[in-house]
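Q: fold the following, please.
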Amino acid sequence: MKTFDAIVIGSGQAGGPLAKKLALSGKKTALIERRYVGGTCVNDGCTPTKTWVASAKAAYMASKGHALGVDIKSFKVNMGQIQKRKDDVVSLFRNGSQKGLEATKGLSLIFGEAAFTGPKTISVKLNDGKVEEMKADLIFMNTGCRPIIPEIEGLKDIGYLTSTSILELTKVPEHLLVIGGNYIGLEFGQMFRRFGSKVTVLEKSARIVSQEDEDVSEELTKIIEEEKIKIIANSEAVKFKETGKGNLSVTIKTDGKDHKIKCSHVLIAVGRKPNTEVLALEKAGVKTDERGFIKVNDKLETNIEGIYALGDVKGGPAFTHISYNDFTIIYRNLVKGENLSIKDRLVPYCMFTDPQLGRIGLDETEAKKQGLKVKVAKLPMDHVARAIETGDTRGFMKAIVDPKTKKILGATVLGQEGGEIMTILQMAMEGGITYEQIRYFVFAHPLYAESLNNLFITIEE
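A: Numbers count the residues shown, from 1 in each chain. This is a model prediction of the structure:
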C-alpha cells in the first residue's frame, strides 16, 4: 500500500488546484482522476458550451445585421467547424492543466476510479486495468455531479441527449425538445435555435427559471419566445416513442391532459446528481444526505476528521467558481493556518443566455419571504444609453437595497454584459459601498456600468 500525506479524488476546479498547492507546500500528494483533467467545467460544461454560445451569437448577429444597417444576404452555420473550434479550446485548457499538474514536484497524477476501503484507505482501479491501494491522513473529494435521467416510459429507448452528449453533435437537430426550462436547458435551447433548429422547451413548473423573481421569468420568457422558441409550462413528458426516420413522438401531460408532439432530438436537462455511489463512502463512515450529496461543515470537512468534500458533490450552489472558492478556503485553512468558513459567503452566478442573466444576493421574492423592509431599484435596458446605441435593449437591471443602511442586499441583471454589471454590484456589496455612493459615482461614458447611476436614482427617498 502506498502512503501519501494527501489524496485528492477528482481534478475539477477545486481538486486540481488543491492537489498542486498541497504538493508545493511539501505534502506528498496523489491526485486521482477517472476521466479527464479539468472536470465538468473544462470538458463538458463552461468551456465547451461558451464556445458554442459565441458561435450562436455570431449567427444571431448576422441575422439581425439589417437593424444596424448591415445587410447580410445569407450565411451558413458550419456545425463541423463549430465542433472543431470547441474541441480545440477544450484541448488547450485540459492539456495545459494536465501538463502543469504533471510538472509539479511531489504530486502523482493517477488515472483511475477511486473507492474507499476504510476511513483513510483508498483502492484505485487504474484505467490500464491494474489496482493500486493507498492511504493518507488527509483525503479530499471533488468528484462533481452528472445529469439526472428521470424514469419516463420509453426514454431509455430513444437515444436521448444530455448536457454532455449534446456537445458531440455534428449536425443541427431538425427539432430539439428540451426537457427542463432552467439554466442548462435554456442555454442549449437558444443556441440550437440560432444554429437553425426548431426548439420546444418543456417546463414542469408554472414558468421557466422559477427560482428567480416573477418579473425576471416573464422578461426572459418574452426574450426566448421572440426567437420563436416554444415554451410549454405546467407540463411534463410521460412517454417517448420512436416513429421511424429519425422522428420521435412524445406524450406530454399539460394541466392534467395528454397530448402529443413530434421532434427529432430530446435533451434531458432536469438537474444533476452527485457522483458518490462508486466512492463506497459507507466504508469510510462518511455521511451523505437523502440525495447522495456529501455532508460537510462550514469548513468543508465531513463527519470524519481529515476527510473533506469540495464543489458540486457536497450539494449547495453548483457553480465552478464556488468549487474554486472551496479550494482556496481549504488551502488557506490547512496550509496557511487561517480560520475561514463558507458561511454567509456571497454566491454570484450568471446564465449565459443572450442576453445574460447575472444574479447576486437577495432577490425581491426572498426579501419578502424574510419579512425585510427593502426598496427595489429597477431600470429597463431601453433606458440605458449603451444598450440603445448598440441596438439591444432587451431586459432590465434590478437591485434590492436596505433603506436605512443604504446597503445593497442583492441584484439581478438581465441584459447585455449582465454578468459583468452584476459583478460591479457584488464588489460594492463585499466592500460595503452603498447604493447612494454608486448613485453619484463618476463612471466612464458611455458604458453599461454608467447606468448604475440611473438605476439607483429610481429609488424614491
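Q: how about the strands in the stretch 301-450 of the chain?
A: For the stretch 301-450 of the chain, applying DSSP state E, counting those that start in this stretch gives strands covering 307-309, 349-351, 356-361, 375-380, 396-401, 408-415.
Q: CA atoms only: put the host helix or strand of residue 241 into CSV for me.
A: Assessed by DSSP states H and E, residue 241 sits inside strand 235-244. Taking C-alpha atoms only, strand 235-244 is exported to CSV below (Å, rounded to 0.1, in the frame of the first residue of the first chain):
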residue,chain,number,x,y,z
SER,A,235,-46.1,20.2,-18.4
GLU,A,236,-44.1,17.0,-18.2
ALA,A,237,-43.2,14.3,-20.7
VAL,A,238,-44.8,10.9,-19.8
LYS,A,239,-44.0,8.8,-22.8
PHE,A,240,-41.4,8.6,-25.6
LYS,A,241,-41.7,6.5,-28.8
GLU,A,242,-39.6,6.2,-32.0
THR,A,243,-41.8,6.5,-35.1
GLY,A,244,-39.1,5.9,-37.7
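Q: before we move on, back to that, could the strands of the stretch 301-450 of the chain go into a markdown table alongside distance to residue 182?
A: The C-beta positions use only the backbone N, C-alpha and C, and glycine is treated the same way. Compiled in a markdown table, the strands of the stretch 301-450 of the chain are given as follows (distance: least, CB to CB, whole Å):
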| stretch | distance to residue 182 |
| --- | --- |
| strand 307-309 | 24 |
| strand 349-351 | 8 |
| strand 356-361 | 11 |
| strand 375-380 | 23 |
| strand 396-401 | 19 |
| strand 408-415 | 15 |
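Q: of those, which is nearest residue 172?
A: Minimum separation from residue 172 across the strands of the stretch 301-450 of the chain (CB to CB) falls at strand 349-351, 22.4 Å.
Q: quick one: that closest one to chain centroid distance?
A: Chain-centre distance of strand 349-351: 7 Å, with CA atoms, centre = their mean, to the nearest Å.
Q: tell me what it is packed against?
A: helix 183-195, strand 356-361, helix 418-431 (3 or more CB pairs under 8 Å, 6 or more residues apart in numbering; DSSP states H and E).
Q: find the nearest non-adjacent residue to the residue nearest to the spatial centre of the chain, please.
A: Residue closest to the mean C-alpha point of the chain, counted by CA atoms, centre = their mean, is residue 319 at 4.9 Å. Nearest non-adjacent residue to residue 319, counting by CB to CB, 6 or more residues apart in numbering: residue 349, 5.4 Å away.
Q: which ones are touching the one you found?
A: 317, 319, 321, 358-360 (CB atoms under 8 Å, 6 or more residues apart in numbering).
Q: of all those, which two lie farthest apart?
A: Within those, 317 and 358 form the most distant pair, 14.3 Å apart (CB to CB).
Q: quick one: which of those two has more around it?
A: Taking other CB atoms under 10 Å, residue 317 and residue 358 do not tie; residue 358 has more neighbours (26 against 13).
Q: hang on, isn't the more buried one packed against residue 418?
A: Yes: the criterion here is CB atoms under 8 Å, and residue 358 meets it with residue 418 at 4.1 Å.
Q: what's the overlap in contacts for those two?
A: In contact with both residue 358 and residue 418: residue 350, using CB under 8 Å, 6+ apart.
Q: what about residue 313, neighbour count?
A: 27.
Q: for residue 401, see how far away it is.
A: Per CB to CB, to the nearest Å, residue 313 is found 35 Å from residue 401.
Q: surely the residue nearest to the centre of the chain touches residue 347?
A: Yes: with contact defined as CB under 8 Å, residue 319 reaches residue 347; the gap is 7.3 Å.
Q: select the longest helix from the protein.
A: What stands out as the longest helix in the chain, according to DSSP state H, is helix 79-102.
Q: show me which residues of that one are buried.
A: 79, 82-83, 85-86, 89-90, 93-94, 97-98, 101 (16 or more other CB atoms under 10 Å).
Q: and the chain, what are its domains?
A: The record's domain parsing of the chain by automatic domain parsing lists 2-146+273-334, 155-270, 355-457.
Q: now those as CSV including distance to residue 340 and mean pLDDT?
A: Shown next, in CSV, are these (distance: least, CB to CB, whole Å; pLDDT from 0 to 100):
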stretch, distance to residue 340, mean pLDDT
domain 2-146+273-334, 5, 96
domain 155-270, 28, 96
domain 355-457, 15, 97
